[in-house]
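J.: Based on what follows, work out the 3D shape:
(4 chains)
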4 protein chains.
Amino acid sequence: MKKGVIRPGHVQLRVMNMNDALAHYRDLLGLIETDRDDQGRVYLKGWTEVDQFSVVLREADEPGMDFMAFKVLDEATLDKLHQDLLAYGVVVEDIPAGELKGCGRRLRFVAPTGHHFELFATKAQPGRYGIGNHNPEAWPRDLQGMKAQRFDHCLLYGDDLDGTYKLFHEVLGFDLCEQVLTPDGERVAQFLTVSMKSHDVAFIKHAEKNKFHHASFFLETWEDVLRAGDLISMTNTSIDIGPTRHGITHGQTIYFFDPSGNRNEVFCGGDAFYPDHPPITWDADKLGKAIFYHDRQLNERFLTVLT
Amino acid sequence: MKKGVIRPGHVQLRVMNMNDALAHYRDLLGLIETDRDDQGRVYLKGWTEVDQFSVVLREADEPGMDFMAFKVLDEATLDKLHQDLLAYGVVVEDIPAGELKGCGRRLRFVAPTGHHFELFATKAQPGRYGIGNHNPEAWPRDLQGMKAQRFDHCLLYGDDLDGTYKLFHEVLGFDLCEQVLTPDGERVAQFLTVSMKSHDVAFIKHAEKNKFHHASFFLETWEDVLRAGDLISMTNTSIDIGPTRHGITHGQTIYFFDPSGNRNEVFCGGDAFYPDHPPITWDADKLGKAIFYHDRQLNERFLTVLT
Amino acid sequence: MKKGVIRPGHVQLRVMNMNDALAHYRDLLGLIETDRDDQGRVYLKGWTEVDQFSVVLREADEPGMDFMAFKVLDEATLDKLHQDLLAYGVVVEDIPAGELKGCGRRLRFVAPTGHHFELFATKAQPGRYGIGNHNPEAWPRDLQGMKAQRFDHCLLYGDDLDGTYKLFHEVLGFDLCEQVLTPDGERVAQFLTVSMKSHDVAFIKHAEKNKFHHASFFLETWEDVLRAGDLISMTNTSIDIGPTRHGITHGQTIYFFDPSGNRNEVFCGGDAFYPDHPPITWDADKLGKAIFYHDRQLNERFLTVLT
Amino acid sequence: MKKGVIRPGHVQLRVMNMNDALAHYRDLLGLIETDRDDQGRVYLKGWTEVDQFSVVLREADEPGMDFMAFKVLDEATLDKLHQDLLAYGVVVEDIPAGELKGCGRRLRFVAPTGHHFELFATKAQPGRYGIGNHNPEAWPRDLQGMKAQRFDHCLLYGDDLDGTYKLFHEVLGFDLCEQVLTPDGERVAQFLTVSMKSHDVAFIKHAEKNKFHHASFFLETWEDVLRAGDLISMTNTSIDIGPTRHGITHGQTIYFFDPSGNRNEVFCGGDAFYPDHPPITWDADKLGKAIFYHDRQLNERFLTVLT
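T.: Residues are numbered from 1 along each chain as shown, chains lettered A, B, ... in the order given. Here you go, the predicted model:
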């Protein structure tokens, strides 16, 4: 949190049928539905998250990510970052408070990889679902499905990794936690963080701008990852790969698709990061092991199916 | 244990290089080396097993299984089963005590699927490795690798499943715990047990006789399965598939190969069986889900790579 | 299963308020309510059990156990055991089929420790709750509370341990899996089994006959034991001790009380037993470690609170 | 990390016999011994920690904590915090680089609770033990005992909680994650953090200044907590309480004592914190549940045995 950016705040995803999407994100992943708006968007969050929402679903003709937002410390920090973005040469769009229900004003900009990002400082904060802040029990008894704890990060595909890293590092205070380098030193994957997590957002090199690989949700244990896999099978949900472990971050994971074809991950674990840590480097010829630690090879689908 | 057959007692596997095999079965799987004989065979066991050995490795020009043996209650039971096998029309070979060091006389016969099986009643019984039978600690502190607890079962491929089931059921007292049936009622997979385990030996229909699919070893937890996968990667061991769950038995599993190409499984969990349970039936068109519950499809390798 | 006794079949417990008892056994432990009878008794089972019920609750003025029953292989076995009990000098009471709904005739007798036991061969068998026997999913999605998998065993306190062991061993085919011996060789605890489980019923030496220590229910994992402890706290249920590990059996456990004061255990793990295993012996001066492996001392409550 | 303080950097503990202490911290907890100095002090770290050491053991006549240190972002931050401490009226002692081998200059001060704290910016950084920063494996294969991952936090007892909170909050940028309040609003326990962890240091109200309750080390999973308990028993180590869960932080834990009587904790889990979270409040009459979530009562030892 070198510049006051504290965490991923929300992601807005396009889904092609809202009822199917809710069966997926709410009933299967176990996100808590917290609100809807007059545009028909549905707001959800993981049960441990204190803010009002972290996932917004919007019905659209094609899948993909509209934008991903980061929460900053306070409105003064937001003002400062606004100035810093402008000074860096970034075009910043002001989104007024209330455009997302319960959320304050947002600053939107396009990263060099073509993805839309937002910053905001204020959001309604009802506290952890079902347990609150006063003598809180360990967990609520009425959780559903995978019991996803939080929206954790996105992995995005795009072309200008260096430009995006420079912007995120210099202006927003992200650190490079892990990277994949080609023999001639080109960075083809970068995992960026503003926290102890090994990634708050990650990018993989890709010819096309603004592609979405997956939104990831945090589970508590490896046993939860197993049960997520079981639920994927029970619900005939399309699986990508897993359960397995990543080499990068060493998290334990399973990938699957929502009914619109957007890829999701649920995972647990992952190495701790601090801002004095040098980046961890994977050689590009170890990419298979870096991504899927057990299989040590990529499946074609993981590299090419994007929304 | 309807006829006094109590458990899988040992399996003898052919390996092409003993040193490589020991690096695999002893250092990676964590079996305990307990003896060697003047034929150069090496004897091992899982640490929870009370008998002297459960795995025998024999150096040979090609991989595969020489034989799998079941322990019976006592010598009187062995005599009775000898008579029953002869009465059933099975040719029985007497192997004298001591042919395997520490093991009493064995009765060997060939099942209709072409596999060599043995029965024996007596084996040296040094007790659980490292903890013994007197005020035993929870586990020994010097276990290696995957810390395999026991040799659990084999899966074998062969042609005459009905004949083998009939012999194992009628003469040896095995029950059919789970089966896969084609639409016209042909049994193409059968999981047989003499215990609470969902399989002590299993067979899959295959044109050729006497093929070996895998020897399986029991781990304590799903976390151990994860760490087994990690060790497979760290040691550059050839993986087949996993971690995942089976539909059949619902055990949690990972498959890989020894340096000679023999397939191994380590797994945990699995449903409990009692002899009053009707068999569980899987439809052949659900075979993918029956074998790999999460992926719901078989990989070609799993069906065709045999030794 | 040397004599055809296959497993604990049911236990009938006295509870002082049925509604409170159901909130406990059904909603908290997660047993499935399967039936009620015109005496007001309520029938439940763990979701993995194939028979119609394994727990019967009877409203009464004081808590405790009415009887514990074992299932045998078939009616012929029941007849044989009837003769054997009579020949051994045991008084056997015939309970007609239907006295417990869905259960065939039962043979009831009193063990030398004063406890009432039953044998039966026939019970309605609807199969595993929610998943059945045809292409079964890994688990049903609507389980409650601790998701208890099965009624596993009882621990009973009484005086004549030797007499009860002799009866259970010689007539019913139970083996002594673990025991606690005083320096002069008196057996003060005995864990008896007819299966791979380290105990199907256990006895601890006590001056008074026919006392009930606990009924135990099986959970799948150590994580389930943690969540059981969480639920005990959330529901203000009276805890005895745990989570912890036993020295005897090495199972992982937590103890608590039902609203009537009957002690329950939920546990996972436990060593595997086979009938060729010599008994494991604990010295009486290690009783603390034998019972509570981590604390290595008993709490007074565990030894003295009985129903 | 509002002021550039990033994490607990090290703790120096007094032990009465170094060999016994090493058998405990190195062989039982599994910390890695990294260095010794000419004062006879021994340096250790958890295997995931990138810095040279996080625990320093000093042989002395009585147990307890000499000091606890926090690492800051860089030397410029250290200078700034030096000025801020002085401006706040704190007496700051300069400890020259090299007084602890491999560590840069430290700023030492006494908090209102009487405890000695240090800040430093520079320490030799050999990277994670056994896996490094280049294509790192998931974990090293030669870890010992409990495989402690990192020194995580200390819990300290002292009188002036308000004064210490004010100093840590205003000058060092710590947030109040959880607190215990009496009915008249007095804070009797405070859990402070500069990270996503629910505590980097915690204080409990106590009449005497400068008392040490425990140093805590992070494990990966609840299964590791179980195995820690097993190892405590196997090594006849004095246990305090556990395995259990905390209400505060919801971490899963076990407490025990080093051979000198210093209390240790190993734990896993724990809620995530962000600096926009309001503090979680426990009522003092729920202190038992707040500390030991399952038992819901404190043991006398936990409150009174301090070093």
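
J.: Please work out how many residues are found near the residue nearest to residue A:163 when sequence neighbours are not counted.
T.: Leaving out its chain neighbours, the residue that sits closest to residue A:163 by Cβ to Cβ, 6 or more residues apart in numbering or on different chains is residue A:112, at 3.1 Å. C-beta coordinates here come from the backbone N, C-alpha and C atoms, glycine included. The number of residues packed near residue A:112 is 19, by other Cβ atoms under 10 Å in any protein chain shown.

J.: What backbone torsions are found at residue A:112?
T.: phi -60, psi -20 (degrees, to the nearest 10).

J.: In contact with it: list those residues for me.
T.: The neighbours of residue A:112, taking Cβ atoms under 8 Å, 6 or more residues apart in numbering or on different chains as the test, are A:158, A:159, A:160, A:162, A:163, A:164, A:167.

J.: measure the second one to residue D:301 for me?
T.: Read it as residue A:159. Per Cβ to Cβ, to the nearest Å, residue A:159 is found 62 Å from residue D:301.

J.: before we move on, what about the first one?
T.: Relative to residue D:301, residue A:158 is positioned 57 Å away (Cβ to Cβ).

J.: Counting neighbours, go ahead and name the busier of those two.
T.: Neighbours per residue (other Cβ under 10 Å) separate residue A:158 from residue D:301, with residue A:158 holding more: 23 against 12.

J.: okay, now the closest residue to the more buried one other than its chain neighbours: neighbour count?
T.: Nearest residue to residue A:158 in three dimensions, chain neighbours excluded: residue A:113, at 2.6 Å (Cβ to Cβ, 6+ apart). Neighbourhood size, residue A:113 [other Cβ under 10 Å]: 25.

J.: Residue A:188 versus residue A:289, what's the distance?
T.: Residue A:289 is 15 Å from residue A:188, by Cβ to Cβ.

J.: The two: which has the busier surroundings?
T.: Between residue A:289 and residue A:188, counting by other Cβ under 10 Å, residue A:289 is the more crowded of the two (22 against 16).

J.: so that one, which of the three states?
T.: Look at residue A:289: counting by DSSP: H, G, I helix; E, B strand; the rest coil, its state is helix.

J.: Hmm, it is touching residue A:296, no?
T.: Yes: counting by Cβ atoms under 8 Å, residue A:289 touches residue A:296, with 4.4 Å between them.

J.: where do the contact lists of the two overlap?
T.: residue B:233.

J.: got a list of what the spatially most distant residue from the centre of chain A touches?
T.: In chain A, the residue that sits farthest from the middle, by Cα atoms, centre = their mean, is residue A:135; the gap is 30.0 Å. The contact partners of residue A:135, taken as Cβ under 8 Å, 6+ apart, are D:247, D:281, D:282, D:283, D:286, D:289, D:290.

J.: Going by neighbour count, list what's buried in the strand or helix carrying the second one.
T.: When elements are assigned from DSSP states H and E, residue D:281 belongs to strand D:280-283. In terms of neighbour count (16 or more other Cβ atoms under 10 Å in any protein chain shown), strand D:280-283 has its buried residues at D:280, D:281, D:282.

J.: Just list what that strand packs against, helices and strands only.
T.: If contacts are counted by 3 or more Cβ pairs under 8 Å, 6 or more residues apart in numbering or on different chains; DSSP states H and E, strand D:280-283 sits against strand D:175-181.

J.: Just want the angle from whichever helix or strand comes after the strand it packs on to strand D:175-181.
T.: Sequence order places strand D:187-193 as the next helix or strand after strand D:175-181, per DSSP H and E. If you take axes from the mean of the first three to the mean of the last three Cα atoms, to 10 degrees, strand D:187-193 sits at 160 degrees to strand D:175-181.

J.: Check which helices and strands strand D:187-193 sits against.
T.: Other helices and strands packing on strand D:187-193, by 3+ Cβ pairs under 8 Å, 6+ apart, are helix D:161-170, strand D:175-181, strand D:201-205, helix D:287-291.

J.: related to what we said a few turns ago, how much space is there between the residue nearest to residue A:163 and residue A:182?
T.: Applying Cβ to Cβ, the value for residue A:112 to residue A:182 is 19 Å.

J.: Same check on residue A:108?
T.: Residue A:108 is 32 Å from residue A:182, by Cβ to Cβ.

J.: quick one: which of those two has more around it?
T.: Using other Cβ under 10 Å as the criterion, residue A:108 and residue A:182 rank with residue A:108 on top: 16 against 13.

J.: so the more buried one sits in a strand?
T.: Yes: the assignment for residue A:108 (three-state DSSP) places it in a strand.

J.: gap between it and residue A:68?
T.: 11 Å.

J.: list residues touching both of those two?
T.: Common neighbours of residue A:108 and residue A:68, using Cβ under 8 Å, 6+ apart, are A:116, A:117, A:118.

J.: quick one: which of those sit in strands?
T.: A:116, A:117, A:118 (DSSP state E).

J.: want to try CSV for those, with neighbour count and pLDDT as columns?
T.: Formatted as CSV, those follow (neighbours: other Cβ atoms under 10 Å in any protein chain shown; pLDDT from 0 to 100):
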residue, neighbour count, pLDDT
A:116, 16, 98
A:117, 23, 98
A:118, 24, 98
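
J.: Tell me if I'm right that residue A:170 and residue A:89 touch.
T.: No: when contacts are counted by Cβ under 8 Å, residue A:170 is not listed as touching residue A:89 (11.4 Å).

J.: ok, those two, which is more surrounded?
T.: A count of neighbours by other Cβ under 10 Å puts residue A:170 above the other of residue A:170 and residue A:89, at 12 against 8.

J.: residue contacts, the more buried one?
T.: By Cβ under 8 Å, 6+ apart, residue A:170 lies in contact with residue A:88.

J.: try residue A:276
T.: Contacts for residue A:276 (Cβ under 8 Å, 6+ apart) come out as D:6, D:50, D:71, D:73, D:125.

J.: Same check on residue A:245?
T.: A:251, A:252, A:253, A:292, A:293, A:294, B:226, B:229, B:230, D:138.

J.: 7 Å instead, please
T.: A:252, A:293, A:294, B:226, B:229, B:230, D:138 (Cβ atoms under 7 Å, 6 or more residues apart in numbering or on different chains).

J.: Could you do residue A:291 as well?
T.: Residue A:291 neighbours (Cβ under 7 Å, 6+ apart): A:246, A:247, A:248, A:298, A:302.
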